[in-house]
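Trainee: predicted model and sequence below, questions to follow.
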Amino acid sequence: MGQLRRREEGRNARDGPWPLWNRAPSRQQKLFTGEVPAADPFVAVMEACTVREAALKLQDWFLGDGRTPAAVTAEPKLVPKETGTDKTNQPLRFELKGVDPAHPYLEERRISEETAAHFGVGFFPGKGLMAGRVVIPIHNATGELVAYAGRALHDETEPRYLLPAGFNKMHEVYNLHRASASDRSRGVVIVEGFFDTMKTHQAGFPTVVALMGSSLSDTQEELIATNFRRAIVMLDGDEAGDEALPKVATQLAQRIDVRIAKVPPDRQPDSLSSEEIERVLKCF
């Protein structure tokens, strides 16, 4: 374990309380009995169909009994066009319903039902792109739902993780909206994946975020440096993680105090027990 200090003393220094992201009211669309969301271009993209066909699919999914909804908007609302490389993930206008946080797959991964419910994770038995997968809600920094990731139940299923077309994971830091609102006195633990985050939280370290990979984008760097004064980087113990660890730590060390936590070789945080995670992080 090592420690990297800020290269420029005083850069991004904070004297007062650490800032919290303002949590704007969620724009998630609530699906109640008898209501169908307006035709959404996101659904059209995920289902590889026209907007009109997406509206019919939504009618079938959320009514399912042949009733005609009071109104199905054929034309979606326009969203701001993306310009240059400044792309953002638009908030979703629906939520997946019937997600089961007690599915045996999560038990096999040693994720408690309480932890799964906290993160909104569970098996989705419905229809559509994420059908038959364990779904993981992804939120932006203000807590708006911007995507679902779908994990296959079996490792031989490809792809293991499914993300919707058009979603840019490099613009989000997984679990940031929760971590930034928790106790940040010990700093934030940075891991690679969704289940690494859940297992670290479950081990008693709720201030944890994931890069959704082993690289750190400029946007992710900014989000982390804006919300935290110090970080503990704990990537996977495989070859990719070992290679990325000094790069991620050095990049962040230009902005905040950074320490490195090494997991055992060929292991990753989600394969460790709570006791093992605590031993890795106890020095911090």
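Mentor: Nice, thanks for sending it over.
Trainee: low-confidence stretches in the stretch 151-284 of the chain?
Mentor: Applying pLDDT under 70 to the stretch 151-284 of the chain flags no residue at all.
Trainee: quick one: the helices in it, in order.
Mentor: 176-179, 194-202, 218-227, 239-253, 274-281 (DSSP state H, counting those that start in this stretch).
Trainee: just give the nearest non-adjacent residue to Val188, would you?
Mentor: Closest residue in space to Val188, ignoring its immediate chain neighbours: Phe228 at 4.5 Å, by Cβ to Cβ, 6 or more residues apart in numbering. In short, each C-beta sits where N, CA and C put it, glycine included.
Trainee: about what we covered before: nearest to Leu162, of the helices of the stretch 151-284 of the chain?
Mentor: Closest approach to Leu162 among these (Cβ to Cβ): helix 194-202, 12.4 Å.
Trainee: quick check on Gly150: phi, psi?
Mentor: phi -120, psi 120 (degrees, to the nearest 10).
Trainee: before we move on, back to that, test my guess that the residue nearest to Val188 contacts Ser185.
Mentor: No - the pair Phe228 and Ser185 fails to qualify as a contact (Cβ atoms under 8 Å) at a distance of 10.6 Å.
Trainee: quick one on the thing from earlier: can you say which of the helices of the stretch 151-284 of the chain is packed in most?
Mentor: Mean neighbours per residue, mean count of other Cβ atoms under 10 Å, is largest over the helices of the stretch 151-284 of the chain for helix 194-202, with a mean of 25.
Trainee: what does that one contact?
Mentor: If you take Cβ atoms under 8 Å, 6 or more residues apart in numbering as the criterion, helix 194-202 is touched by 109-112, 115-116, 118-119, 121, 136, 149, 151, 174-175, 189, 191, 208-210, 212, 234, 236, 268-270, 272, 274, 277, 281.
Trainee: and that helix, C-alpha only, in CSV?
Mentor: Extracted in CSV, the C-alpha atoms of helix 194-202 (Å, rounded to 0.1, in the frame of the first residue of the first chain):
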residue,chain,number,x,y,z
PHE,A,194,-21.1,-2.9,-9.6
PHE,A,195,-20.7,-5.9,-7.3
ASP,A,196,-17.4,-4.6,-6.0
THR,A,197,-19.4,-1.6,-4.8
MET,A,198,-22.1,-3.7,-3.2
LYS,A,199,-19.7,-6.0,-1.4
THR,A,200,-17.6,-3.0,-0.1
HIS,A,201,-20.8,-1.3,1.1
GLN,A,202,-21.9,-4.5,2.8
